[in-house]
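> fold the following and give me the result.
(chains A and B, ligands or ions: 3)
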Amino acid sequence: MENKTSMTGASILWECLEREGVKTVFGYPGGAILPAYDALKGSKIHHILVRHEQGATHMADGYARASGKVGVAVATSGPGATNMVTGIATAMLDSSPIVCITGQVGSKLIGSDAFQETDITGVTLPITKHNYLVTHASEVARTIREAFYVARSGRPGPVLVDITKDAQQTTCDFDWEAAKPQLPGYRPDLSPERKEYEQALELIRNSKRPVILAGHGIIISGAMAEVREFAEKAGIPVALTLLGLGAFPASHPLNLGMMGMHGEAWVNHTIQEADLLLAFGMRFDDRVTGNLKTYASNAKKIHIEIDPAEINKNVKVDVPLVGDLREVLHQLLPHVETIDRSEWLDSIDQLKGDAAVRDIQNLPDSGHLYAAHVINDLWRETRDGETVVVTDVGQHQMWEAQYYKHEKARSLITSGGLGTMGFALPAAIGAKVARPEAEVWVVAGDGGFQMTLCELATIVQEKLKVNIAIINNGFLGMVRQWQEFFYERNYAATPLLNPDFAKLGEAYGIRSMTVTERSQVVPSVQAARQHDGPVLINFRVEQEDTVYPMVAAGASLHEMIRRPSKIVETADDE
Amino acid sequence: MLNTYVVYVENKPGVLTRVASLFRRRAFNIDSLTVGRTEKPEVSRMTITVDADHDQARRIEANLYKLVNVLLVENITTEPAIVRDLAMIKVAATHEARSHVLELASVFRARVVDVAPDSLTIEITGGEDKIDGLLEVLRPYGVLEMVRTGIVAMRRGKSSAPVSTTNNTDHDVAEEDVSHSV
Ligand SMILES: Cc1cc2nc3c(=O)[nH]c(=O)nc-3n(C[C@H](O)[C@H](O)[C@H](O)COP(=O)(O)OP(=O)(O)OC[C@H]3O[C@@H](n4cnc5c(N)ncnc54)[C@H](O)[C@@H]3O)c2cc1C
Ligand SMILES: Cc1ncc(C[n+]2csc(CCOP(=O)(O)OP(=O)(O)O)c2C)c(N)n1
Ligand SMILES: [Mg+2]
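Ligands and ions are numbered 1, 2, ... in the order given. This next block holds a predicted model:
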């Protein structure tokens, strides 16, 4: 379509989305976005009707995290738009590229408190990478192109485009070529200076106890192969953030595991003893560092990071390398020397050996079903396939991170920065849509699952094969754990009276079962995998189990609360 | 330490809110912010002063650049610069005091812009110190009203790096080249 064509703003919208490569959008209609919905019939784009706009944003987010492509969510003005806020904030904190399109009241009514008018660009200003209010059909094309470009380039993030009803309805000339992005101030492509490369190489050369801190930026940058080559060539062990899991294979001999608040003890000790930290696309979140005053105090720090505003934000670094991780590693790799660091690696192995005895996997079977067992069995059953696990937020999320061994990037999707309960089920829908060939599992707590469970209907309506494991401990477990440790076991507002999840699943037409013993875990997972529709498994696990180790908020990274070697018997589940 | 930034932004609706909101969101306290037109109609220019240590100052700059509509940021705190503030001061000036006030104004090279039976309004332009100085000496006569614009600043001599308002995203932004083109 080279020549100008006269089209409505609504048709231009869908046309531009198609040209941006969008195949599916997640949305929910309403008055102010109706012109756009009316024009949908002329488009090849598949629209998935969600049950709540928050779900649409998490689906777009899950889609983006599973594929690396921009996910799209659509909603009407007012309540439709405000329902998106949690999903937008979630995508913002985890640097996930989504574009949210909202209808807005007619441009003449803006500012008049018209029916369902909300200043959504104002509301989302601090939680979007950028946002737009479009009041003319002629601005639609350029804005959509800019929105996609901004969302996925540099440090990715959510972009919201609010389009007034009249901008959707009126007609104008459409010319894709002429609607090129115009972003004179936007510079996503930075690169380090030569001097900084040299300083970094010098630090690496002189280091005896280096550790790579592998973060989400590796996956965003697509630098998995480069990181692996780097680690192998230089003989440097790799610790991962929660969002970095999968960026480096769990089974690799140099892999240490997850760092931070619920990281493995040996990982945190290794970081505290290191003389050099190489931060690859991670932002030193407070759950990663613990007390900043005592964090890796003997280590020099190299920070490879695309966002200059992250440099020296939490941790003061010696050498910042600001740029795309993959590019930066390409520059560094030829100059990285192979150095024998076996002494350092052996000392880490020692720490590992000491910690392993406290692993719940090695404790005698007490007849109780532990979440860790469920996760571990799920991993054993699904490890060979292309599996994507989407977790919610809480204890089960941490157990998944500890006991599911992720080998590949984009095999774990979870809300890290915002910690949004209710994320898993909708995000899994997005992941399944992005990668229909993958086996998608939701691992959610009984609390968080109930925040967005309405999307079970979306799964059924769209005939998606998504398996759901509810880790049902009858508690807002993670909060209960804090109460146990820090509030004298005053379990205020954390016990849950739950519905029968299996019956609930059945009500939606989803095959469902309840599992209460370890021996039933594997058969239930196998049954779920064999069934050709979605399956929900309600795992009734130990109620007062605790995630270990734990670095209490504000404590130093090496001061961990460890699992007592004897598990305390608790009241019977049920 | 008080840092002075000159910030060039696209002249578009809402940009001022984005800048102001950034300072609020990152808990940096703006001391003064002025905004106005420049020689280019599509560009506005802000002068922002904010109290920040060295590290914070660098992060403020990086965060300003994260705003898509920000074109150029210069921290001119340590550079030779012309810094001007404008104030209008209404002073109680009865018969006897009038000549004293007029005298003080002329010492400070300020102008009288309004004369009323019992007050004078003085306009003064200059660095903040100069204006503070005039205020100090006028206070005993009774300052009835005062307004200051907040500072505007310009580097001496060489001009700022040219502000590019041309598109820098001309290269095709196809999906493939995105994940590693940045
Ligand atoms: C209950 C709970 C417990 C948690 N416990 C832990 C824990 O024990 N351990 C843990 O690690 N986390 C934990 N988290 C998660 C934590 O809050 C953070 O979300 C996480 O640590 C962030 O990881 P990250 O820095 O790798 O990713 P992000 O926050 O996504 O940061 C990625 C960084 O990479 C940069 N980047 C992006 N693209 C590129 C590129 N192309 N090149 C270079 N850089 C790039 C970005 O600018 C950003 O700075 C927990 C979360 C919850 C909810
Ligand atoms: C939307 C939202 N509200 C509150 C919280 C605080 N929070 C963090 S974990 C948690 C408990 C989660 O309970 P559940 O989903 O049952 O998972 P469990 O910890 O028991 O595995 C709560 C309430 C949150 N993260 N998100
Ligand atoms: Mg629970």
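
> what's around residue A:395, how many residues?
For residue A:395, the neighbour count with other C-beta atoms under 10 Å in any protein chain shown is 25. (Each C-beta comes from the backbone N, C-alpha and C, glycine too.)

> show me what contacts it?
A:371, A:445, A:471, A:473, A:477, A:478, A:481, A:545, A:546, A:547 (C-beta atoms under 8 Å, 6 or more residues apart in numbering or on different chains).

> among those residues, which one sits closest to residue B:118?
Nearest to residue B:118 among the contacts of residue A:395: residue A:478, at 69.6 Å, using C-beta to C-beta.

> my guess is that closest one meets residue A:394, correct?
Yes. Judged on C-beta atoms under 8 Å, residue A:478 makes contact with residue A:394 at a distance of 4.1 Å.

> now do the contacts for the closest residue to ligand 3 within the stretch 151-300 of chain A.
Nearest residue of the stretch 151-300 of chain A to ligand 3: residue A:262, at 15.6 Å (C-beta to the ion). Applying C-beta under 8 Å, 6+ apart to residue A:262 gives the contacts A:398, A:401, A:402, A:547, A:548, A:549, A:550, A:551.

> Serialize the residues you listed to TSV and add fields for pLDDT and neighbour count.
Converted to TSV, these look like this (pLDDT from 0 to 100; neighbours: other C-beta atoms under 10 Å in any protein chain shown):
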residue	pLDDT	neighbour count
A:398	98	27
A:401	97	26
A:402	95	23
A:547	95	22
A:548	93	19
A:549	93	20
A:550	95	20
A:551	95	24
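
> in TSV: those residues, plus secondary structure.
Formatted as TSV, these follow (DSSP: H, G, I helix; E, B strand; the rest coil):
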residue	secondary structure
A:398	helix
A:401	helix
A:402	helix
A:547	coil
A:548	coil
A:549	coil
A:550	strand
A:551	strand
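
> which of those are close to ligand 1?
For ligand 1, the contacts drawn from the contacts of residue A:262 by C-beta under 6 Å from any ligand atom are residue A:398.

> which one of the contacts of residue A:262 is nearest to residue A:557?
residue A:551 (5.9 Å).

> is that closest one in contact with residue A:562, as I believe?
No. Between residue A:551 and residue A:562 there is no contact under C-beta under 8 Å: 10.8 Å.

> name the residues contacting each of these two.
With C-beta under 8 Å, 6+ apart as the test, residue A:551 and residue A:562 reach no residue in common.

> where does residue A:28 land on pLDDT?
Per-residue pLDDT puts residue A:28 at 98.

> count of neighbours near it?
Counted with other C-beta under 10 Å, residue A:28 comes out at 23.

> the residue lying closest to residue A:70 once chain neighbours are set aside and residue A:27: what is the separation?
In space, and not counting its chain neighbours, residue A:70 is closest to residue A:97: 4.7 Å by C-beta to C-beta, 6 or more residues apart in numbering or on different chains. Distance, residue A:97 to residue A:27, using C-beta to C-beta, to the nearest Å: 17 Å.

> quick check: residue A:150 is in a helix.
Yes. Under three-state DSSP, residue A:150 sits within a helix.

> thought it was touching residue A:186?
Yes. Between residue A:150 and residue A:186 there is a contact at 6.8 Å, judged by C-beta under 8 Å.

> residues shared between the contacts of those two?
Contacts common to residue A:150 and residue A:186, judged by C-beta under 8 Å, 6+ apart, are residue B:68.

> who's more crowded, those two?
residue A:150 (27 against 24).

> which residue, other than its chain neighbours, is closest to residue A:517?
Nearest to residue A:517 is residue A:369, by C-beta to C-beta, 6+ apart, at 5.9 Å.

> skipping adjacent residues, who's closest to residue A:259 in space?
residue A:239 (4.4 Å).

> ok, back up a step: adding distance to ligand 3, write the contacts of residue A:262 out as JSON lines.
Shown next, in JSON lines, are the contacts of residue A:262 (distance: C-beta to the ion, whole Å):
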{"residue": "A:398", "distance to ligand 3": "12"}
{"residue": "A:401", "distance to ligand 3": "16"}
{"residue": "A:402", "distance to ligand 3": "17"}
{"residue": "A:547", "distance to ligand 3": "12"}
{"residue": "A:548", "distance to ligand 3": "17"}
{"residue": "A:549", "distance to ligand 3": "20"}
{"residue": "A:550", "distance to ligand 3": "17"}
{"residue": "A:551", "distance to ligand 3": "21"}
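
> which part of the stretch 401-550 of chain A gets nearest to chain B, residue-wise?
Closest residue of the stretch 401-550 of chain A to chain B, C-beta to the nearest C-beta: residue A:409 (11.5 Å).

> against residue A:192, how distant is that residue?
Taken as C-beta to C-beta, the span from residue A:409 to residue A:192 is 24 Å.

> now for residue B:39, how many residues are close by?
7.

> try residue B:23
Neighbours around residue B:23, by other C-beta under 10 Å: 17.

> try residue A:251
Neighbour count of residue A:251, defined by other C-beta under 10 Å: 9.

> any idea whether it is helix, strand or coil?
Residue A:251 - assigned by three-state DSSP - is coil.

> these two touch, right, it and residue A:407?
Yes. The criterion here is C-beta under 8 Å, and residue A:251 meets it with residue A:407 at 6.2 Å.
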